[in-house]
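Chemist: Could you look at this predicted model? Sequence included:
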Amino acid sequence: MRRSTIIDVARLAGVSKTTAARVVGGQHDLVQEKTRARVWKAVEELSYERDAVAGSLRSKQTFMVALCIPDITNPFWPEVARGVQDTIEARGYAAVTFNSDWNAEREQNHLRIVRRNRFDGLIINPMSLDGETLLKLAVPVVLLGSGRSLPNFDSVGSNTEAGAQEALEHLLALGHRRIALIAGRSQRRREFARFDSYRTFHRRHRLPLDESLVIEGDFSDKAGYDAMCQLLMLPEPPTAVFAANDVLAIGALKAAQAMKRNVPGDVSIVGMDDIYAAAMTSPSLTTIAKPKYEIGTAAARLLLERLDGTAPPTAQHIKLPCQLMQRGSTGRVA
């Protein structure tokens with residue numbers, strides 16, 4: 001079956017091709033209301049879809065934005081993606097999501113797709129990219145995260161440092177002094193926010209910093225499980241554990257239960273992110289909630305400002321506040 005064209009729409013509506021194109025292209029102020037109504041009626045009858053490829057060649061816009069995330073299996077990222085998508089689509093853009101799986105080669109391939117298909121902008125949690133590579137895209141870029149390593153680009157993240165401090169202070173208030181850190185290490189960089197907060201907390205409260213209580217691994221529940229097993233087998237195990245994200249914390253919770261430790265009676269656990277599963281564990285997980293959806297919407301708004309030409313000349317860096325969600329996995333020292 002032949003695909004309908006703008007000429008077919010114009011013929012059915014009894015208008016010129018130029019008039020029909022103006023209506024479909026959104027130039028409503030140039031066409032009378034009754035004429036617009038005839039054109040849209042013809043569009044509906046013919047099931048006409050505007051040729052976006054041809055339109056992009058004329059306008060130099062594809063109305064497509066790329067969202068590159070590092071781990072689609074982590075429930076944190078789909079909520080961020082929804083925030084981006086809802087905000088972008090409301091302005092007539094389509095959001096295309098790419099998942100790098102913390103793989104530098106795949107990330108580079110995603111950038112090639114962005115260039116080749118002439119995406120209008122990019123929102124990314126970068127793993128291996130430098131500023132020069134991003135500038136060569138020649139499109140607006142917004143970073144997800146602190147953006148400290150790429151300060152010349154807009155960025156949106158959460159105040160992780162303050163959130164980590166709140167988690168540690170919560171454990172201290174419950175009487176914990178021997179607190180471990182399960183710190184996920186990505187291929188991109190060490191999670192400085194968690195380490196810095198952990199170190200600062202110990203220094204401020206004059207607590208000894210025991211290196212055996214800090215364990216790094218990837219951001220997986222298995223890494224959290226293995227780390228907790230290692231911690232609980234220490235001659236003097238911790239009474240509390242702060243995990244760099246909820247996936248690690250849930251793995252740690254599973255390990256504690258497998259080793260017949262009561263949570264929170266024997267060991268308290270705090271995570272970070274407040275993914276959906278955090279409230280579903282038994283006991284439910286005390287965690288630091290990040291505003292995931294709001295991070296996505298804020299990143300999309302910054303990108304739209306760049307696309308509209310209304311953004312300030314210097315990069316904007318937004319840090320959204322975190323919140324302690326106190327649940328059943330933390331308690332007072334026995």
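Modeler: Yep, that arrived.
Chemist: how about the helices in the chain?
Modeler: With helices called from DSSP state H, the chain shows them at 6-13, 17-24, 33-46, 52-59, 76-89, 104-116, 131-135, 160-173, 192-204, 221-232, 246-258, 292-308.
Chemist: now for these, which one comes closest to residue 215?
Modeler: Nearest of the helices of the chain to residue 215, taken as CB to CB: helix 221-232 at 4.2 Å. In short, each C-beta sits where N, CA and C put it, glycine included.
Chemist: Counting neighbours, which bits of that closest one end up buried?
Modeler: 221, 223-228, 230-232 (16 or more other CB atoms under 10 Å).
Chemist: Go through these and say which is closest to residue 109.
Modeler: residue 223 (26.2 Å).
Chemist: so residue 146 sits right up against residue 160, yeah?
Modeler: Yes. Counting by CB atoms under 8 Å, residue 160 is a contact partner of residue 146 at 7.4 Å.
Chemist: Which one of those two is surrounded by more residues?
Modeler: residue 160 (22 against 19; other CB atoms under 10 Å).
Chemist: so who does that one touch?
Modeler: Contacts for residue 160 (CB atoms under 8 Å, 6 or more residues apart in numbering) come out as 146, 193-194, 197, 272, 290, 322.
Chemist: could those residues be laid out in CSV, adding distance to residue 33?
Modeler: Putting the contacts of residue 160 into CSV (distance: CB to CB, whole Å) gives the following:
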residue, distance to residue 33
146, 50
193, 55
194, 59
197, 60
272, 54
290, 47
322, 50
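Chemist: Buried subset of those as a PyMOL selection?
Modeler: A single PyMOL command is used to select the members of the contacts of residue 160 judged buried by 16+ other CB under 10 Å:
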select buried, resi 146+193+194+197+272+290+322
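Chemist: Can you give the distance of stretch 75-84 from its chain's centre?
Modeler: Centroid separation for stretch 75-84 versus its chain: 6 Å, with CA atoms, centre = their mean, to the nearest Å.
Chemist: What's the mean pLDDT across that stretch?
Modeler: Average pLDDT, stretch 75-84: 95.
Chemist: So for that stretch, what gets flagged as buried?
Modeler: Quick answer for stretch 75-84 (16+ other CB under 10 Å): 75-81, 83-84.
Chemist: quick check, nearest of these to residue 278?
Modeler: Closest to residue 278, out of all of the buried residues of stretch 75-84 and judged by CB to CB, is residue 75, at 9.0 Å.
Chemist: In contact with the nearest residue in space to that closest one that is not next to it in sequence: list those residues for me.
Modeler: Nearest non-adjacent residue to residue 75, counting by CB to CB, 6 or more residues apart in numbering: residue 275, 4.0 Å away. Neighbouring residues of residue 275 by CB under 8 Å, 6+ apart: 74-76, 246-247.
Chemist: Distance check, residue 275 against residue 86.
Modeler: Noted for residue 275: a distance of 19 Å to residue 86, by CB to CB, to the nearest Å.
Chemist: what does residue 72 give?
Modeler: Distance from residue 72 to residue 86, by CB to CB: 18 Å.
Chemist: what's around the nearest residue to residue 146 once chain neighbours are set aside, how many residues?
Modeler: Excluding the flanking residues, the one nearest residue 146 by CB to CB, 6+ apart is residue 157, at 4.9 Å. If you count neighbours by other CB under 10 Å, residue 157 ends up with 21.
Chemist: Kindly report the same for residue 167.
Modeler: For residue 167, the tally of surrounding residues (other CB under 10 Å) stands at 27.
Chemist: follow-up on the earlier one: which among the contacts of residue 160 gets closest to residue 32?
Modeler: residue 290 (50.5 Å).
Chemist: so who does that closest one touch?
Modeler: Residue 290 neighbours (CB under 8 Å, 6+ apart): 76, 158, 160, 163, 272-274, 320, 322.
Chemist: And it, how far from residue 314?
Modeler: Distance from residue 290 to residue 314, by CB to CB: 26 Å.
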